[in-house]
Structure formats: structure tokens, C-alpha cells
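[1] A structural model of the following input is requested.
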Amino acid sequence: MSTEATKSVIVGTAGHIDHGKSTLVEALTGTHPDRLAEEKRRGITIDLGFAFLEENGVRFGFVDVPGHERFVSNMLAGAVGIDVLLLVIAADESIKPQTREHFEICRLLGVRRGVVALTKSDLVDNDTLELVRLEAEEFLRGSFLEHAPLVPVSAKTGAGLSELKSALSKAAANAMAKDAARHFRLPIDRAFAMKGFGSVVTGTLISGSVGAGDEVELFPTGERLRVRGVQSGGKTVVRATPGQRTAVNLAGIEHTALKRGMVLAVPGKFRKTRRIDVRLELLTSARKVKQGTRVHFHAGTAETIAEVFFHGVREVPPGANAFANLKLQDELFVLAEDRFIVRQFSPVVTIGGGVVLDPLARRPMLRDTGRVKFLETLQRESHEEIIAAMAERALLGLTFDEIVARTSWMENEIHEAARKLSAARRVKTVSSEPLVLVSGNLFEEVRKKITEKVEKFHKENLLLPGISREDLRASLGKRVRTETFRAALEELVAQKKLEAPGELVKKAGSEIALLPEEATAKEQIEAAFASAGLAVPSVTEVLAKLPVEAKRAEKLLQILLREKNLVRVTQEMIFHRQALAQLKQQLAAYKKVKGDRLSVPGFKALTGITRKYAIPLLEYLDRERVTRRAGDERVIL
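    Residues are numbered from 1 along each chain as shown. This is a model prediction of the structure:
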């Protein structure tokens, strides 16, 4: 089992058909990348081919792509994860249409390093070779390959191969290393069954790592699968790391359910999508693109149809770029900063590409006037600015899971950005575990609404001490999440602007101020129940005799109940606390003298009340755990 820690670099070939890409890969690696019988019969590459080379401490994984225009979609599937481009130009034909198209594709996909191989150099004289070199330099001027080495080679004679290997090694040394600590993601470019192993998928591992025993999620289906084993370059490895061609043996799924365009990823972090916001760039050779245009969309190894909806403009001319919302025909898995290619719907030619800004975009709406500014922030700004912008647009607050799904950032990056924003009061952390953020503006708005709701309640309910927490929360509507309400209320209480004793919320220092007739009525209510003992009058009867109207009388009764001077035993029966306290003393005395058993007739005799009062009082005593029912009797506890 291999555990080597050599640098892994993916080299992608590009160039016109019959310019010698596959033959050159075979000359460099000893492996011919064409694997299909039809490819060998016809002598052209139809699908992706792979070969490997170890040179100067670097493990090169070569992805050989078809050059024929009919197979550009296959070429695009192989372009994902390319670290170094090997642009192949035949010395006997120079630059041809697919040379240009492949090169533009690689530029749009963000490839930044490469080497140019002038193949079939043995078929031309020195003057012709020099002319082709000058044409290539002119073609590449101003591009990422402007200063790339141009190496004449001959796969037939071996001339220039050592120089080409040296040039590839230098480019690989400067290639940015991919981070194994990022979230795992493997776009699938092949799926097949292997005898004795079962289902196997292959692809270029673009981030994170994967090893036997890992659980992975298959997109876009969402199935959770277990990894049986992993290989890279034909060798079993403990863990595959970014930049490696990787084969993953999967348990729990038939190979027929797996296909190119699917993605394996870390489970539970991401979501499939049908709408993405992007920065779209058109080639100078493209036609202008109008609102609603349908295009072929390629991202990773996936392909689908997309409708283009521009933000802020109705059409985009050749060579220009704009923000756009793409509505995808099929559900795909893409992440922010992923590169993509678009091809004209018909005839099918490459017309542009770009970068994904928001993989979980909303449907474009005219009233969403801040979308362009938001996308500008996503395109250029820091983690803190992006989270702040996302929080401003999140009416219900921004969760940790939402940030991960839309950015693919790691946990420490998110928490560090949130900490800085909270310290600057640009966002408010309303929950730490799980993390929930709201914008500073939204949090201040919720604080203001809570204060206003409490003040309004006091004005409309002079005889009530405060509003219940639940009623206050409900009054804010469904667009204020519970965590935001709780955090805003806690802050207002801490600042001594509100008080929240128990389940009530009130203005700090507020007290109920009764009018003289209200104070008198309150005393009359309490006196009526106190003098009645256990044979209490009805609530309606007591309130009807008061010098205040029914609504105020009911509120005065509620005050007495909250103060616990009165106790509601049933909806219609209210007793004074002293009467109930004396009843409990009577039962305790009875237990000492006559034991803990008491029948309903005995209870009536002891208290001198009728069954009308006896049964509700006994049920109340049961609830209070003063007594316990045992058949037709009560046990005094």
C-alpha cells in the first residue's frame, strides 16, 4: 500500500485532432491513454484517457482529451482540476480551430500554468519549425501562456522529450498545491464495475482527501455511501489527496446508478442546485447573448442546458462580461468559485465561461435591486465582507450550515470572520451553537420593535403588569426567528430598558397605577372571596357588583390571581388563598387523629360544604399532591 507524499500534479492535454496528444503522452509515460476499442481502431481519441509519470519528485497525472470538435464535451469533463496545461501544436499544421477552442476553454477555467509542445517536429525543416514557433508566440501573447516554454518534440524520434519533462517539472514546482484540509470533493468522470470489487468511480480529486471507511455523499441524488478502498495511479493508497487521479471503490450501490457528472463529497455539508449566480464572460468570437438565451452549461464533469438571465442588462455583446443568473435544466452540484464553460445551443461552439458566485441563488426579481452590489461583494471581497453581505440579505438570519453550503469555507474560517464582524457590531451572533448570525441593522430593528410592542401593550393594558413572552414573540411575525428574539430581549434586559420576570415582559420600572375606584373594586373582589370561605360565590356574581365596567373588573381579578391572593380551582370557582391554607391544615389535623383515609362524605362533613364544592376542591388537592385518589377515597399525603 502506497503512502508516498510526493507532490501530485494534473497535466491536461489540449489541441486540435491528430496533433499527436495521445502519442506524446505515451512517449512521456510509456502508457497509451486511449482505452476504447473504437479509439484504437479509428486512431483518434474519443473519450478521456489517463497515464502517469513520476519525475523529479512529482507524480504527474496526465488527462488526455479528445481533439475532435464532436467530442469537446468529453474534453470539458477532463479539464476539471488541471494544474498544468500541455498545449499541443503540430509543427506541420500549426494552430487550428480546436487549438483555439481548447486554449480558450482552459483560460476560462482558470488554468494559470502550462507548457507548449510543438509536436511532429521531425516532419518539418528548421525554417518551418521557427515559423510555427513565431505563430504560437503571437497566438499566446497577452495570455497566461505568454511566457510559457515552447518545446519542439518528436514522439517518434524522442527528440525534445527530456526538455519537455524538465519544462513540465518547472511548471509543476510553481503550481499551487491544493489543500487536503478543505472539504472533500471528487467530480466523477468514469464509473464501472470491477470483478471482485464492485462499483468503482474515477475522477480528479480537487479538494480534501478520501480513504477506506469514509462515508461520502453522492450528488445530485443525496445517497450516503461507504468507501471500500482507494487507488491512485493504479496503486492502493491509505488516503488520496488533492491533485491526484483517484479511483474510489464504493459499497452499497450498483455501477449502473453512477455516471459522469455526478460528484462525491463530504456528507451533510452541501446542496444540489438549479439556480446559480455567476460572472459570465463571452469570447470575442461569440455572438451577442440576449436575456433568456439557452446554452450548454459545463461545470466539473457535468453537462446540462441553462437559461441565461442577466442582472441589470438585457444583452451582452461579444468580448464583454456581466453578472447573470443561470437556470439549470438538471440539478447539479457546484460551489462558489467553481469555473464553468458555456457553449452555444446550436450550432454547438464554445462562446464563453466564468465563475460561480452564489451556488444557491434565488430567482431573479425586479424588486431585488441590491443583487448586483451583492454579487460584486461575492466576487472581490474578504470573508468578513461576504458574510456581512449575506447576513444583510438573510431576513431570517444566516446559519452556519447556509454559509458552508454557499461558500464551502471551513469551520475556523467562518467563526473567525463572524467574531470580527460581531466585535465591529456589523452582525449579531444570536446563537453560538449552532451558529446563527443576523445583520446589525436587522438586530437593531428587532430591538426597536420589541420595545415598541411592550410600550404599546402598557398603553392599551394599564391594569396588566406586562405582556407574556410568547405573545410578544408572536407579535413580531414569522420573519423573526426565536434565537433573534431571545438575544434582542436579553440585551434589552441587560441594558435595563426592559424587565422580564418569569414569563412576563415589561418596561423597566413600570408599575400598575390603580385609579381610586379600581383600588376599591380590587379590595371588594378579594373581600368577597375571603369572607365566603370554601362556599365561594360565582365569579360573574362577584364582578357584577363592582363600581367599574366588566372589562376592568376582569383585569382586576387577573391581578389578584397573579398576586396569588386568589387561586382559580376551576374556570368558575376561585378561592382565597387563606381559605385553601386553612383547608390544608384541617386535613393535616384529621390525618393525625383519624388516619390518612378520607371519603367524599367524610370530606363534606369535615369542611361543611356541599358536593358542588367538594369534588372540585378534592381534584385541586390531588393536583397539588396534598391528597391522592384511591378508589372512592382519598389518601392524605
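[2] dump the residue contacts of residue 403.
    387, 390, 409, 414 (Cβ atoms under 8 Å, 6 or more residues apart in numbering). For the C-beta atoms, the positions are set from N, CA and C on the backbone; glycine is no exception.
[3] so the spatially most central residue of the chain, which of the three states?
    The chain has residue 405 as the residue nearest its centroid, 2.2 Å off, counting by Cα atoms, centre = their mean. Judged by DSSP: H, G, I helix; E, B strand; the rest coil, the three-state class of residue 405 is helix.
[4] in the stretch 51-200 of the chain, which spans are helices?
    Along the stretch 51-200 of the chain, counting by DSSP state H, counting those that start in this stretch, helices occupy 72-78, 97-108, 126-140, 161-174.
[5] about what we covered before: I'd say the residue nearest to the centre of the chain and residue 360 touch.
    Yes. Using Cβ atoms under 8 Å, residue 405 is in contact with residue 360, at 6.2 Å.
[6] Can you check which residues contact both of the two?
    Shared contacts of residue 405 and residue 360, defined by Cβ under 8 Å, 6+ apart, comprise residue 271.
[7] what number of residues lie near the closest residue to residue 20 other than its chain neighbours?
    Distances taken as Cβ to Cβ, 6 or more residues apart in numbering place residue 119 nearest to residue 20, at 3.9 Å, with adjacent residues excluded. If you count neighbours by other Cβ atoms under 10 Å, residue 119 ends up with 27.
[8] Hmm, residue 24 and residue 119 touching each other?
    Yes. Using Cβ under 8 Å, residue 119 is in contact with residue 24, at 5.7 Å.
[9] any residues in contact with both of the two?
    In contact with both residue 119 and residue 24: 88, 153, 155, using Cβ under 8 Å, 6+ apart.
[10] Among those, which one sits closest to residue 342?
    residue 88 (24.5 Å; Cβ to Cβ).
[11] I figured the closest one was touching residue 15, is that so?
    Yes. Counting by Cβ under 8 Å, residue 88 does reach residue 15; the two are 3.5 Å apart.
[12] who touches both of these two?
    Residues within reach of residue 88 and of residue 15 at once, by Cβ under 8 Å, 6+ apart, are residue 21.
[13] burial count for the closest residue in space to residue 399 that isn't next to it in sequence?
    Of all residues not flanking residue 399 in the chain, residue 436 sits nearest, at 5.4 Å (Cβ to Cβ, 6+ apart). Other residues near residue 436 come to 24 when the count uses other Cβ under 10 Å.
[14] does residue 436 belong to a helix or a strand, and which?
    Assigned by DSSP states H and E, residue 436 belongs to strand 435-439.
[15] partners of that strand, with directions?
    Next to strand 435-439 in the sheet, as set by DSSP bridges, lie strand 398-399 (antiparallel), strand 427-432 (antiparallel).
[16] closest to residue 173 among the contacts of residue 403?
    Nearest to residue 173 out of those is residue 409 (Cβ to Cβ; 28.2 Å).
[17] isn't residue 449 right up against residue 476?
    Yes. Judged on Cβ under 8 Å, residue 449 makes contact with residue 476 at a distance of 5.9 Å.
[18] Show me the common contact partners of those two, please.
    Taking Cβ under 8 Å, 6+ apart as the contact rule, residue 449 and residue 476 have no neighbour in common.
[19] just the strands in the stretch 501-637 of the chain please.
    Using DSSP state E, counting those that start in this stretch, the strands of the stretch 501-637 of the chain run over residues 504-507, 566-568, 574-576, 597-599, 627-630, 633-636.
[20] Nearest to residue 243, out of the helices of the stretch 51-200 of the chain?
    Residue 243 lies closest to helix 161-174 among these, at 9.7 Å (Cβ to Cβ).
[21] what's the closest one in contact with?
    7, 9, 11, 27-28, 53, 55-56, 58, 60, 83-84, 86, 113-115, 117, 148-149, 151, 153, 155.
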